[in-house]
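J.: please find the sequence and the predicted model below.
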Amino acid sequence: MKKSKRSWFSGIRIGQIALLLAVLGLLEFAVRQGIVGRLYLSEPTEVLKHIGILFGSGQVYEHIWITLTEFLTGFLLSSVLGIGTGMALVLIRGAEEFFRPFLSALMAIPKVTIIPLLVLWIGMGVTHKVVVVFLFCYFTIAFNTITGIKQTADNHLKVARVLEASRAQTIWKVILPSAAPTIFAGLRVAAATGLVGALFGEMIASQAGLGNMLVQATSLYDTVKAFSIIVIVTVISVFIIWLIDLLEKKVVLRWKSTL
């Protein structure tokens, strides 16, 4: 059974790699044959070469560091406050019913439209981008926390009451483990959108960062550089989501299995 699972998993991986190579090969062929102009698309091989140039020259490291600093600060703040808000609204009687309409209304505001206003309120510094990331992440995390806690099975809560568990023990040993998968799903979505938020902030009001590099590349119609930055951002996003998955598997699932 284990062998069949491994062979199936290997087959999936081989299929994924084959599909990726086929798509990249098709794009390479389309650009080289002139089917698609180089103004609109760049050959994957040229993008790969330019990524090597960016890292080889060292000019991209500072921009990556700035974007990651802005993102991580905003993401961590939104995670702590989002999970805390979600728990408070569900666990405090009547809090969700009272505050949910206001939270929903704030979430519905298009975040992109208020980025220029934030420049007027707090300037163009790092704080501006941190606030943008926070707004992109906070509501997703808060609402996923609310959903996850409300999905806690009644039978589990009844067992906790029968065992005379304290409120803190019930939260720590029953509610949070039950809500964890939903909370982490929200963290994954928020991580991807938060990185996009950091780029938006840099594109509108910044003199550094990957978003600023992307604006400069597109304004000069430097398609190769623009796609190189997009690939770098995509890889960073995938890596961040992988870290969140790893945290869930190594910490939360082990935590749940030992309770």
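T.: That came through, no problem.
J.: contacts for stretch 109-119?
T.: For stretch 109-119, contacts defined as Cβ atoms under 8 Å, 6 or more residues apart in numbering pick out His128, Val131, Val132, Leu135, Phe136, Gly197, Phe200, Gly201, Ile204, Ala205. Every C-beta, even on glycine, is put in place using the N, C-alpha and C of the backbone.
J.: change it to 10 Å
T.: Stretch 109-119 is contacted by residues 121, 124-125, 127-129, 131-133, 135-136, 139, 193, 196-197, 200-201, 203-206 when judged by Cβ atoms under 10 Å, 6 or more residues apart in numbering.
J.: narrow these to just the buried residues.
T.: 128-129, 131-133, 135-136, 139, 193, 196-197, 200-201, 203-206 (16 or more other Cβ atoms under 10 Å).
J.: I'd like to know which of those are part of helices.
T.: 128-129, 131-133, 135-136, 139, 193, 196-197, 200-201, 203-204 (DSSP state H).
J.: for these, which one is nearest Gly37?
T.: Checking these against Gly37 by Cβ to Cβ gives Met203 as the nearest, at 24.0 Å.
J.: just the pLDDT for the spatially closest residue to the closest one that is not a sequence neighbour.
T.: Leaving out its chain neighbours, the residue that sits closest to Met203 by Cβ to Cβ, 6 or more residues apart in numbering is Gly211, at 4.3 Å. The model reports Gly211 with a pLDDT of 88.
J.: doesn't Ile230 make contact with Gly211?
T.: No. Using Cβ atoms under 10 Å, Gly211 is not in contact with Ile230, being 11.2 Å away.
J.: joint contacts of the two?
T.: Counting by Cβ under 10 Å, 6+ apart, the residues touching both Gly211 and Ile230 are Leu199.
J.: these two: who's more crowded?
T.: Gly211 (27 against 15; other Cβ atoms under 10 Å).
J.: the more buried one sits in which helix or strand?
T.: helix 210-219 (DSSP states H and E).
J.: for that helix, C-alpha coordinates in PDB please.
T.: Extracted in PDB, the C-alpha atoms of helix 210-219 (Å, rounded to 0.1, in the frame of the first residue of the first chain):
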ATOM      1  CA  LEU A 210      10.000  44.800  -5.600                       C
ATOM      2  CA  GLY A 211       6.900  46.800  -6.300                       C
ATOM      3  CA  ASN A 212       8.900  49.900  -7.200                       C
ATOM      4  CA  MET A 213      11.200  47.800  -9.400                       C
ATOM      5  CA  LEU A 214       8.100  46.400 -11.200                       C
ATOM      6  CA  VAL A 215       6.800  49.900 -11.800                       C
ATOM      7  CA  GLN A 216      10.100  51.000 -13.200                       C
ATOM      8  CA  ALA A 217      10.400  48.000 -15.500                       C
ATOM      9  CA  THR A 218       6.800  48.400 -16.900                       C
ATOM     10  CA  SER A 219       7.200  52.200 -17.400                       C
END
